[in-house]
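**Q** Let me see the structure of the following:
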Amino acid sequence: MKKPLYVETTVISYLAARPSADLVVAGHQLITRRWWDAHRPDFDLFVSEAVIEECSAGDPEAAARRLELLADIPVLVPTNDSNAIAKRLIAEGIVPAKAVVDAMHLGIAAAHRVEYLLTWNCTHIANAALRRRMESVCRTMGREMPVICTPEELLED
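**A** Modelled structure (predicted):
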């Protein structure tokens, strides 16, 4: 059985973006493409309405490329539980109020019991300094926190 994996917006953005001249960004793009091509079939992918909204924003041509990547991925809807987790992450100062969508990504993945949350957002989501506090909020709310990781951490070769 495949493991459920929530794909956060930054992963789709790296996949759809034109190759970057910035070496770090170019490396993330390459790693993301390798994971997408070789390991995506090993997981049941999910996104949320928040991912679709974020991917729809900006340059229409780039948005179309991002949305094309999302076309066949099932969409998880927010629930009372996901909203409560997101609100708690913000109320406890773990995620700043300006990053409510980042809190929603974690809330939706946890509420829907998704095993992995794949992201390149290392500021508010894949942040080791915040991980224990995020786990505590999820547990307090009766949920397990998904394994938050970058595509690089899920490469098996």
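
**Q** Please count neighbours and contacts with C-alpha atoms only from this point.
**A** Fine.

**Q** Skipping its backbone neighbours, what lies nearest P78 in space?
**A** In this structure, P78 finds its nearest non-sequential neighbour in I108, 5.9 Å apart by Cα to Cα, 6 or more residues apart in numbering.

**Q** Count residues in the vicinity of that neighbour, would you?
**A** Neighbour count of I108, defined by other Cα atoms under 10 Å: 28.

**Q** could you dump the helix or strand where it lies to CSV, C-alpha only?
**A** I108 is part of helix 100-111 when elements are defined by DSSP states H and E. The C-alpha trace of helix 100-111 is given here as CSV (Å, rounded to 0.1, in the frame of the first residue of the first chain):
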residue,chain,number,x,y,z
VAL,A,100,-1.7,31.4,8.1
VAL,A,101,-1.5,29.3,4.9
ASP,A,102,1.6,27.5,6.2
ALA,A,103,-0.3,26.7,9.4
MET,A,104,-3.2,25.4,7.2
HIS,A,105,-0.9,23.1,5.2
LEU,A,106,0.2,21.4,8.5
GLY,A,107,-3.3,21.4,9.9
ILE,A,108,-4.9,19.8,6.8
ALA,A,109,-2.2,17.2,6.5
ALA,A,110,-2.5,16.3,10.2
ALA,A,111,-6.3,16.3,10.3
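
**Q** Show me where the chain has its strands.
**A** Ranges of strands in the chain, per DSSP state E, are 3-7, 43-48, 75-76, 116-118, 147-149.
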